[in-house]
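Peer 1: this one's structure only:
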């Protein structure tokens, strides 16, 4: 079976994602479409608005055949690490092609940037001088937006694989806040939910505002941790580098609400996403050693599949690819981290125990 891969978050799923699915099939003529999806926390440094089981179900109902989870350790990182984890999973899944959205839709130019030997120290110096990560790439060739940045990261991670990359034109800007067309951004839908607008025309998902997950709801907990934990301990947490804990503690003392806290934390040195990913590590209590000691990904944690996906999984098993369709089949270091972060994700749930147990006992979704 010819397999194509896509890398997604579906936070939440919208009709631009459906277009991506349809175009991926059209461009590659695949027999099976595999989505590598972030779990309960997403790359922008937030809890996913809707849990991964509901997003998996929606993906399967809209043209995906198999959904594989991207481990938390890669979801809560910047573009390059996020891409490396996702591409490793697609390589293990033995896909022939990957299709990703792009603002420029110029695969040749993106590949040219990806082939550059980027000096990380110079990149950091650019950032410290007031140029954010996306613009630092843009210094090298043109101006790049979030999907192009991720695309460059995917292309870098693809080196050494036999996966063929393809791009499709992104139908709406990543940060477009308007609900004024059939295909709108995930950000516009999130804003619509929080502002009590009808979003039923823009997503097939049934979303209850009272049951969504937001980083803002954790602020009392975040503030408490920053103001009570020992600074030495904070410095041992993942992403707590360059003394960022001192900056966060200072702002936590000053800000009574989350919006003020985040606004004050963001500087030329620290982007909003960087701050938020650091806070996710804080509330999940993930240490640098936890990440450093993780083995290389060598198993596919399956969240859901349809009959086509099930057939493909059987093919992979015959080729001795490790498949985890049950929680206890996930390699132990990753399993411990997923259980820990799942407990944090459902911290405010009225049915926390049942929700956490779903991580362990819920069978994969079969359509």
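Peer 2: Received it, and whenever you're ready, just let me know what you need. Given the structure is predicted, the values throughout are model-derived calculations rather than measurements.
Peer 1: Going along the chain, name the strands of the stretch 201-350 of the chain.
Peer 2: In the stretch 201-350 of the chain, strands defined by DSSP state E, counting those that start in this stretch lie at 299-305, 322-324, listed in chain order.
Peer 1: Now the first one: average pLDDT?
Peer 2: It stands for strand 299-305. For strand 299-305, mean pLDDT is 96.
Peer 1: Report the buried residues of stretch 67-85.
Peer 2: Neighbour-count burial for stretch 67-85 flags 67-85 (criterion: 16 or more other CB atoms under 10 Å). Yep, even glycine has a C-beta here, placed from its N, CA and C like the rest.
Peer 1: same question, stretch 48-58
Peer 2: Going by neighbour count (16+ other CB under 10 Å), the buried part of stretch 48-58 is 48, 49, 50, 51, 52, 53, 54, 55, 56, 57, 58.
Peer 1: Could you pull up the residues touching the fourth one?
Peer 2: It refers to residue 51. For residue 51, the contacting residues are 40, 213, 345, 355, by CB atoms under 8 Å, 6 or more residues apart in numbering.
Peer 1: Which of these fall in helices?
Peer 2: The helices, defined by DSSP state H, take in 345, 355 from the contacts of residue 51.
Peer 1: Going by distance to residue 330, which of the contacts of residue 51 wins?
Peer 2: Closest to residue 330 out of these is residue 40 (14.4 Å), distances taken as CB to CB.
Peer 1: If you drop the residues flanking it in sequence, what lies closest to that closest one?
Peer 2: Leaving aside its chain neighbours, residue 40 sits nearest to residue 345 (4.0 Å; criterion: CB to CB, 6 or more residues apart in numbering).
Peer 1: Repeat that for residue 244.
Peer 2: Residue nearest to residue 244 in three dimensions, not counting chain neighbours: residue 278, with 6.1 Å by CB to CB, 6+ apart.
Peer 1: Next one, pLDDT for the one you found please.
Peer 2: As predicted, residue 278 sits at a pLDDT of 98.
Peer 1: how close does it sit to residue 71?
Peer 2: Counting by CB to CB, to the nearest Å, the gap from residue 278 to residue 71 is 18 Å.
Peer 1: Over stretch 64-71, what's the mean pLDDT, rounded is fine.
Peer 2: In this model, stretch 64-71 has an average pLDDT of 97.
Peer 1: for stretch 114-127, same thing?
Peer 2: 52.
Peer 1: What degree of burial does residue 335 show, as a neighbour count?
Peer 2: Other residues within reach of residue 335, judged by other CB atoms under 10 Å, total 18.
Peer 1: quick one: the closest residue to it other than its chain neighbours from residue 312, how far?
Peer 2: Distances taken as CB to CB, 6+ apart put residue 327 closest to residue 335, at 6.7 Å, once the chain neighbours are dropped. The gap separating residue 327 from residue 312 is 21 Å, by CB to CB.
Peer 1: What of residue 361?
Peer 2: For residue 361 relative to residue 312 (CB to CB), the value is 24 Å.
Peer 1: and the two? which has more neighbours close in?
Peer 2: Between residue 361 and residue 312, residue 312 has the larger neighbour count (other CB under 10 Å), namely 23 against 10.
Peer 1: ok so, going back, top of the contacts of residue 51 by neighbour count?
Peer 2: Tallying neighbours with other CB under 10 Å puts residue 345 at the head of the contacts of residue 51, with 25 neighbours.
Peer 1: re earlier: would you check that the residue nearest to residue 40 makes contact with residue 214?
Peer 2: No. Here residue 345 lies out of contact with residue 214, judged by CB atoms under 8 Å, at a distance of 11.5 Å.
Peer 1: between these two, what contacts are shared?
Peer 2: residue 47.
Peer 1: circling back to that earlier point, what's near enough to touch the residue nearest to residue 40?
Peer 2: Contacts for residue 345 (CB under 8 Å, 6+ apart) come out as 40, 41, 47, 48, 51, 213.
Peer 1: Restricted to strands, list those residues.
Peer 2: 41, 47 (DSSP state E).
Peer 1: Now for the contacts of residue 345: which two are most distant?
Peer 2: Using CB to CB, the contacts of residue 345 span at most 10.9 Å, a distance reached by 41 and 51.
Peer 1: Double-check residue 221 against residue 347; I have them as touching.
Peer 2: Yes. Counting by CB under 8 Å, residue 347 is a contact partner of residue 221 at 7.5 Å.
Peer 1: I'd like to know how far the closest residue to residue 300 other than its chain neighbours sits from residue 269.
Peer 2: Leaving out its chain neighbours, the residue that sits closest to residue 300 by CB to CB, 6+ apart is residue 68, at 5.0 Å. Using CB to CB, residue 68 is found at 35 Å from residue 269.
Peer 1: Give me the nearest residue to residue 23, chain neighbours excluded.
Peer 2: Nearest to residue 23 is residue 168, by CB to CB, 6+ apart, at 4.7 Å.
Peer 1: which residues are in contact with the helix or strand containing that neighbour?
Peer 2: Under the criterion of DSSP states H and E, residue 168 resides in strand 164-169. Here strand 164-169 makes contact (CB under 8 Å, 6+ apart) with 19-20, 23-24, 27-28, 96-102, 105-107, 110-111, 151, 154-155, 158.
Peer 1: With stretch 249-263 instead?
Peer 2: 215-216, 219, 222-223, 226-227, 231, 234, 264-265, 272, 275-276.
Peer 1: Just the buried residues from these, in PyMOL please.
Peer 2: A single PyMOL command selects the buried members of these (16+ other CB under 10 Å):
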select buried, resi 215+219+222+223+226+234+264+265+275+276
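Peer 1: Which two among the contacts of stretch 249-263 are spaced furthest apart?
Peer 2: Once CB to CB is applied, the contacts of stretch 249-263 give 216 and 231 as the farthest pair, at 24.7 Å.
Peer 1: Strands of the stretch 51-200 of the chain, start to end?
Peer 2: Using DSSP E, counting those that start in this stretch, strands in the stretch 51-200 of the chain cover 66-70, 97-102, 164-169.
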